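> generate a structure from the sequence data that follows.
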Amino acid sequence: MVCDILVSCHTLRVNVRLLRRTRGGAQAVRTTIRRQEWWIARGCSQGSPWLRGWRPCLSASRMPIRCSRIARAPRGSPAGEGPSVSSEMLSTSWEDGSAAAYRFKTLSRQQDEVKSDVDATATRTDTGLSVKIAKPRKATVELTGKILLPTEHLQRVIAAAKAGETVLEARVFDGSDDGVKVFDTLAVIGRAAKDEPGLPEAAKVALAGHTYHQTSVSYFEPGGSDQTPDYVMSFSLYDNGVIGALSIDYNDFVLRGRMEQFEPLKASAPCDK
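Residues are numbered from 1 along each chain as shown. A predicted model of the protein is given here:
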């Protein structure tokens with residue numbers, strides 16, 4: 001038996017209405033994003049944890065997070081001008097406790113039409129990562145060098161925060177760009193704090209006594225000379241892996257979210273370290 005602990009599951013649903021400049025003027029864009037992430041530090045598992053046989057030990061949590069942003073019209077552009085465009089992204093990922101495997105699925109729709117459908121698995125190798133892509137087309141991609149998976153990266157950030165460090169640089173693979181992109185990342189870690197405001201009551205009880213750090217992680221194109229990140233994710237990161245309030249800055253717009261529900265899960269099996 002491999003002994004791990006499932007830390008938390010985040011369900012992020014975002015409804016955004018914003019205006020962007022086009023050649024024909026301002027275009028109203030309505031975007032819905034649903035992102036589900038399993039943050040796994042350790043857990044007890046038997047069989048295939050992706051489909052079945054996963055048994056979390058110790059405590060875990062499920063946190064639906066709702067995000068919203070009040071859009072501002074570009075200067076000189078009347079609000080509501082132009083057609084409305086609806087887009088949706090659903091992302092689900094799983095990572096094992098030893099960061100040896102990572103499976104991810106991403107589905108993007110625009111006006112109810114599928115624009116991207118990615119299904120792939122990354123496996124740790126002696127030289128980096130081997131990514132087997134099932135969708136949109138079957139392929140195997142070899143990524144070399146020291147590369148962290150998303151939850152592995154989160155663990156490193158937590159360890160750095162506990163050690164009093166304020167900066168962490170790392171290359172991170174999260175399945176972006178049809179499953180072949182590796183980001184250069186820079187994490188900036190703030191001071192430790194307690195009693196984050198705005199948490200639901202269940203979270204206040206479960207997180208009492210835990211410290212958190214305001215953290216920002218910038219994601220850059222690999223090897224690029226441009227110092228502007230593709231996006232920046234800022235969040236309150238607790239010492240047990242739970243994430244509270246967050247924001248995602250895509251340069252053109254920012255998504256802001258807060259925890260609305262916190263559901264502690266009971267341990268289904270003892271965890272012998």
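
> now Glu165: phi and psi?
Note on Glu165: its backbone torsions stand at phi -80, psi 150 [degrees, to the nearest 10].

> tell me, how many residues neighbour it?
Residues within reach of Glu165, counting by other Cβ atoms under 10 Å, total 13. Backbone N, C-alpha and C define where each C-beta goes, glycine included.

> against Ile189, how distant is it?
In this structure, Glu165 and Ile189 are 7 Å apart, going by Cβ to Cβ, to the nearest Å.

> what does Asp174 give?
Counting by Cβ to Cβ, the gap between Asp174 and Ile189 amounts to 19 Å.

> name the residues of stretch 150-159 that come out as buried.
Burial within stretch 150-159, assessed by neighbour count using 16 or more other Cβ atoms under 10 Å, is assigned to 150-158.

> and the gap between Ala159 and Pro264?
In terms of Cβ to Cβ, Ala159 sits 24 Å off from Pro264.

> ok, what's across the strand from the closest residue to Thr127 other than its chain neighbours?
Spatial nearest neighbour of Thr127, excluding adjacent residues (Cβ to Cβ, 6 or more residues apart in numbering): Thr144 at 5.0 Å. The bridge-partner assignment for Thr144, based on DSSP bridges, gives Gly128.

> make JSON lines out of the buried residues of stretch 150-159 and add pLDDT, secondary structure and distance to Glu201.
As requested, these are arranged in JSON lines below (pLDDT from 0 to 100; DSSP: H, G, I helix; E, B strand; the rest coil; distance: Cβ to Cβ, whole Å):
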{"residue": "Pro150", "pLDDT": "92", "secondary structure": "helix", "distance to Glu201": "29"}
{"residue": "Thr151", "pLDDT": "91", "secondary structure": "helix", "distance to Glu201": "27"}
{"residue": "Glu152", "pLDDT": "94", "secondary structure": "helix", "distance to Glu201": "32"}
{"residue": "His153", "pLDDT": "95", "secondary structure": "helix", "distance to Glu201": "31"}
{"residue": "Leu154", "pLDDT": "94", "secondary structure": "helix", "distance to Glu201": "25"}
{"residue": "Gln155", "pLDDT": "94", "secondary structure": "helix", "distance to Glu201": "28"}
{"residue": "Arg156", "pLDDT": "96", "secondary structure": "helix", "distance to Glu201": "31"}
{"residue": "Val157", "pLDDT": "96", "secondary structure": "helix", "distance to Glu201": "27"}
{"residue": "Ile158", "pLDDT": "96", "secondary structure": "helix", "distance to Glu201": "25"}
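
> which ones are touching Glu165?
Ile189 (Cβ atoms under 8 Å, 6 or more residues apart in numbering).

> what about 10 Å?
Contact criterion Cβ atoms under 10 Å, 6 or more residues apart in numbering gives 156-157, 159, 187, 189 as the residues in contact with Glu165.

> tell me the one of those residues nearest Ser116?
Ser116 has its nearest neighbour among the contacts of Glu165 in Ala187, at 27.4 Å by Cβ to Cβ.

> can you give the strand pairings for the helix or strand encompassing that closest one, parallel or anti for each?
Counting by DSSP states H and E, the element that carries Ala187 is strand 182-193. If you go by DSSP bridges, strand 182-193 pairs up with strand 167-173 (antiparallel), strand 212-220 (antiparallel).

> right, I'll leave it there.
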